[in-house]
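> Give me a 3D structure for the following:
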Amino acid sequence: MTMPDQANYLSTYTPQVQQLNFKALMNAFAYPGSIQNLHGQSPALEQVLATLIDGEVTLADPDDMLNGDVRMRLEARMTTPESANFIVCLGNRQPAFQPLLGTLEEPEKGATLVVQVQGFDATAAALKLTLTGPGIQKENTLNVAALNEAWLQSRAFWNAAFPTGVDFILVSENHLVAWPRTTQIQGDF
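Purely as a prediction, here's the structure:
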């Protein structure tokens, strides 16, 4: 990577880009299933983490998706998925952990899962999902490629005792979609 490319790549860590990405994240959570564009040059996974993560939270990377440079820049305390505030995962694999769900007294302590998928286009391999709930007028249809159906089954189980549960952020290329725990998802899974 040449020096100008490195500067563009590191722009993800500037306050201006992080503010734009934070706004995209807030819009994604306000309007679940809506595809939001990110504004940095690095992959969507790193952009989301650079916006949300600091040295005060814990992060798990069970699929070894983050290299040492990214981990160093994030400054997060690395831990296991069972005790992490944030967990990064590959969507095409099955979840093999039990994340933090929070408690009735502290539901905000439920984990946020950042899941890498292939895209949000309608392809033969994509799951066609129907989303309902707060922030969605009637229903929202979303296609997600390279998402193992086990994630949807696990999500339903983890979020069964609302307000406890987990929130999902799906990332692909330069886009993100959020699924707050209040969002109901239906499809052929």
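> so where is the chain shaky, pLDDT-wise?
1-9, 189 (pLDDT under 70).
> try 80
Low-confidence segments of the chain, defined by pLDDT under 80: 1-10, 124, 188-189.
> could you pull out the strands for it?
Ranges of strands in the chain, per DSSP state E, are 36-37, 58-60, 77-78, 86-90, 112-116, 127-132, 140-144, 167-172, 175-179, 184-187.
> list the contacts for the residue lying closest to D167 once chain neighbours are set aside?
Of all residues not flanking D167 in the chain, T112 sits nearest, at 4.9 Å (Cβ to Cβ, 6 or more residues apart in numbering). Heads up, the C-betas are built off the backbone N, CA and C, glycines and all. By Cβ atoms under 8 Å, 6 or more residues apart in numbering, T112 lies in contact with L52, N85, F86, I87, V166, D167, F168, I169.
> Just send those residues back as JSON lines, with neighbour count and distance to S154 too.
Shown next, in JSON lines, are the contacts of T112 (neighbours: other Cβ atoms under 10 Å; distance: Cβ to Cβ, whole Å):
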{"residue": "L52", "neighbour count": "20", "distance to S154": "21"}
{"residue": "N85", "neighbour count": "21", "distance to S154": "18"}
{"residue": "F86", "neighbour count": "23", "distance to S154": "17"}
{"residue": "I87", "neighbour count": "25", "distance to S154": "12"}
{"residue": "V166", "neighbour count": "20", "distance to S154": "9"}
{"residue": "D167", "neighbour count": "20", "distance to S154": "13"}
{"residue": "F168", "neighbour count": "24", "distance to S154": "10"}
{"residue": "I169", "neighbour count": "24", "distance to S154": "15"}
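> Would you reformat the residues you listed as JSON lines and include distance to A44?
Listed next are the contacts of T112 as JSON lines, based on distance: Cβ to Cβ, whole Å:
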{"residue": "L52", "distance to A44": "12"}
{"residue": "N85", "distance to A44": "19"}
{"residue": "F86", "distance to A44": "15"}
{"residue": "I87", "distance to A44": "16"}
{"residue": "V166", "distance to A44": "19"}
{"residue": "D167", "distance to A44": "16"}
{"residue": "F168", "distance to A44": "14"}
{"residue": "I169", "distance to A44": "9"}
